[in-house]
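**Student:** Could you look at this predicted model? Sequence included:
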Amino acid sequence: MSGTTSGSSAVTVPGDPPGGRRAMAVWGIGVAVYFVAVIFRTSLGVAGLDAADRFHVSASALSTFSILQLLVYAGMQIPVGLLVDRLGTRKVLTLGAVLFTAGQLGFALSPSYETALASRALLGCGDAMTFISVLRLGARWFPARRGPMIGQVAALFGMAGNLVSTMVIARLLHGIGWTATFAGSALAGVVVLVLVALLLKDHPEGREPAAAPHAGAAFVRRQIAEAWREPGTRLGMWVHFTTQFPAQVFLLLWGMPFLVEAHGRSREAAGELLTLVVLTNMVVGLVYGQIIARHHTARTPLALGTIAATAALWAATLAYPGAYAPSWLLITLCVVLGACGPASMIGFDFARPANPPQRQGTASGIVNMGGFVASMTTLLAVGLLLDMTGDDYRVAFASVFVLQALGVARILRLRARTARREQERLVTSRVEAVHVPV
């Protein structure tokens, strides 16, 4: 997937897929699966208070829902990457849709905390199979130079799924109740499963990838080791780790309680602020995608700038001297959190040119694991600190800064090495492009 340069003149890689309307239609089916998976993933974020009442659990037990879901999601990333490289997108997306639909339906019907936990784990397993599959689908159907924008647009549709949670699921919960809301939403999973089964194609006609080698233990170890050996893969993972989790934690679980219990907002006002995070994410994603497609050197400044802005706004909100932060400060915080998702996508833009097509799934799995490990860790830390401090949200959310400091240190260490490797690959791809026979 190498061959994208800074500036507007991108090197065309020999054998690149042509893109076009057919590519958009097929890729759109994959994006639809991801869209539904994100609705299911984030539906707990607007139902956190309802879940605490329904299952009679404490803050740390409530956080276990999202922690377990993300633990499964993060743990599945490398296996899913290997599966995508080995089996192709269609089979993996089909399995993913079956699992996350079953998980959402199980969550709707769960009579106890334990069965609800098992349902969220099943949902997380299916969800884990979606995004990496969509990235690989884009790589098989579109030219490499469109990679940054394709990735950001896929993430944009994911945030649209989050928007459905904050605007639709939240209202349905208070209108028709828990079981009808979650069971009814599971029907969307059935719809996308049918679309995948009938219409999805792994690659354009005549562009079949080389047959995958026997997927034994040696092949698995080699795939992982070769992807990890590339500094671009490791840098991508740490960028994803450091940028994604502040907004993910806010949207998945703790944003609603933070705004309602710590800052006295009504549930309706808190829902509007969560929606603002999602809307900002969608706008910033398009902007970041355009910038990176034209200027690859902007990747690190954009990532570090987003991290710095997020840390500054969290510090200002947590340190505000009054009992409640003013509306303007909470609005600004939510706008900045909206940039975290697009910034996390930059991680894939470091891993993509570092790995050949047959290793894209594995490399993407390593990168995607980063942000969800950070999110899982912070979800657990916030829940434990809330229980230990008697619901002191200032102390609990200060845990954000620890992971940000760790991630920034790793990014600064890897960025120069990654830049050198990319320059070497760029020179090689230009030489190969010059010598392609006409």
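**Tutor:** Arrived safely.
**Student:** Please make it C-alpha for all contacts and neighbour counts, starting now.
**Tutor:** Will do.
**Student:** And the helix or strand harbouring Pro148, what does it pack against?
**Tutor:** Secondary structure assignment for Pro148, by DSSP states H and E: helix 147-164. Applying 3 or more Cα pairs under 8 Å, 6 or more residues apart in numbering; DSSP states H and E, we find helix 147-164 packed against helix 21-42, helix 131-141, helix 267-294, helix 340-351.
**Student:** Let's test this: mean pLDDT of the first one, rounded?
**Tutor:** For helix 21-42, the mean pLDDT works out to 91.
**Student:** angle of that helix against helix 147-164?
**Tutor:** Interaxial angle of helix 21-42 relative to helix 147-164 (axes from the mean of the first three to the mean of the last three Cα atoms, to 10 degrees): 40 degrees.
**Student:** before we move on, back to that, between the helices and strands packed on helix 147-164, which gets nearest to Gly232?
**Tutor:** helix 340-351 (4.9 Å; Cα to Cα).
**Student:** how much does that closest one deviate in direction from helix 131-141?
**Tutor:** 50 degrees.
**Student:** who does helix 340-351 touch, helix- and strand-wise?
**Tutor:** Applying 3+ Cα pairs under 8 Å, 6+ apart, we find helix 340-351 packed against helix 147-164, helix 231-249, helix 267-294, helix 299-318, helix 360-389.
**Student:** hmm, try it at 10 Å
**Tutor:** Secondary-structure packing of helix 340-351 (3 or more Cα pairs under 10 Å, 6 or more residues apart in numbering; DSSP states H and E): helix 147-164, helix 231-249, helix 267-294, helix 299-318, helix 360-389, helix 399-434.
**Student:** mind checking how far the nearest residue to Ala59 once chain neighbours are set aside is from Val336?
**Tutor:** In this structure, Ala59 finds its nearest non-sequential neighbour in Gly383, 5.3 Å apart by Cα to Cα, 6 or more residues apart in numbering. From Gly383 over to Val336 the distance is 23 Å, taken as Cα to Cα, to the nearest Å.
**Student:** Check the burial of Arg222 by counting its neighbours.
**Tutor:** Neighbours of Arg222 under the rule other Cα atoms under 10 Å: 11.
**Student:** Contact partners for it?
**Tutor:** Trp228 (Cα atoms under 10 Å, 6 or more residues apart in numbering).
**Student:** Going by neighbour count, list what's buried in the host helix or strand of it.
**Tutor:** Assigned by DSSP H and E, Arg222 belongs to helix 217-229. For helix 217-229, burial by neighbour count (16 or more other Cα atoms under 10 Å) applies to 220, 223-224, 227-228.
**Student:** quick one: low-confidence parts of the stretch 51-200 of the chain?
**Tutor:** Along the stretch 51-200 of the chain, no part satisfies pLDDT under 70.
**Student:** what's the answer for the stretch 301-438 of the chain, then?
**Tutor:** Using pLDDT under 70, the flagged stretches of the stretch 301-438 of the chain are 429-438.
**Student:** related to what we said a few turns ago, ok, now which ones touch the residue nearest to Ala59?
**Tutor:** Each residue near Gly383 by Cα under 10 Å, 6+ apart is listed here: 58-64, 254, 391, 393, 396-397.
**Student:** could those go into CSV alongside distance to Thr89, secondary structure and neighbour count?
**Tutor:** Converted to CSV, the contacts of Gly383 look like this (distance: Cα to Cα, whole Å; DSSP: H, G, I helix; E, B strand; the rest coil; neighbours: other Cα atoms under 10 Å):
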residue, distance to Thr89, secondary structure, neighbour count
Ser58, 40, coil, 15
Ala59, 38, helix, 20
Ser60, 36, helix, 19
Ala61, 35, helix, 18
Leu62, 34, helix, 23
Ser63, 32, helix, 25
Thr64, 30, helix, 19
Trp254, 33, helix, 24
Asp391, 44, coil, 18
Tyr393, 42, helix, 21
Ala396, 40, helix, 21
Phe397, 38, helix, 24
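**Student:** can I get those in CSV with distance to Arg420?
**Tutor:** Putting those into CSV (distance: Cα to Cα, whole Å) gives the following:
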residue, distance to Arg420
Ser58, 50
Ala59, 46
Ser60, 44
Ala61, 46
Leu62, 45
Ser63, 41
Thr64, 42
Trp254, 40
Asp391, 47
Tyr393, 43
Ala396, 40
Phe397, 37
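**Student:** Any buried residues in the host helix or strand of Gly75, and which?
**Tutor:** Applying DSSP H and E as the criterion places Gly75 in helix 59-87. Across helix 59-87, burial judged by 16+ other Cα under 10 Å covers 59-86.
**Student:** Can you report how many residues lie near the closest residue to Gly341 other than its chain neighbours?
**Tutor:** The shortest distance from Gly341 to any non-neighbouring residue, by Cα to Cα, 6+ apart, is to Gln244 (5.5 Å). The number of residues packed near Gln244 is 26, by other Cα under 10 Å.
**Student:** measure Gln244 to Leu379 for me?
**Tutor:** To Leu379, Gln244 is 13 Å away according to Cα to Cα.
**Student:** again with Phe131
**Tutor:** In terms of Cα to Cα, Phe131 sits 21 Å off from Leu379.
**Student:** Between those two, which has more neighbouring residues?
**Tutor:** Set side by side, Phe131 and Leu379 show more neighbours around Leu379, with 31 against 27, by other Cα under 10 Å.
**Student:** Who are the contact partners of the more buried one?
**Tutor:** Applying Cα under 10 Å, 6+ apart to Leu379 gives the contacts 60, 62-67, 70, 245-246, 248-250, 252-254, 373, 396-397, 399-400.
**Student:** 7 Å - rerun?
**Tutor:** Applying Cα atoms under 7 Å, 6 or more residues apart in numbering, we find Leu379 in contact with 63, 67, 249.
**Student:** could I get those as a markdown table with distance to Arg425?
**Tutor:** Listed next are the contacts of Leu379 as a markdown table, based on distance: Cα to Cα, whole Å:
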| residue | distance to Arg425 |
| --- | --- |
| Ser63 | 44 |
| Ile67 | 39 |
| Val249 | 36 |
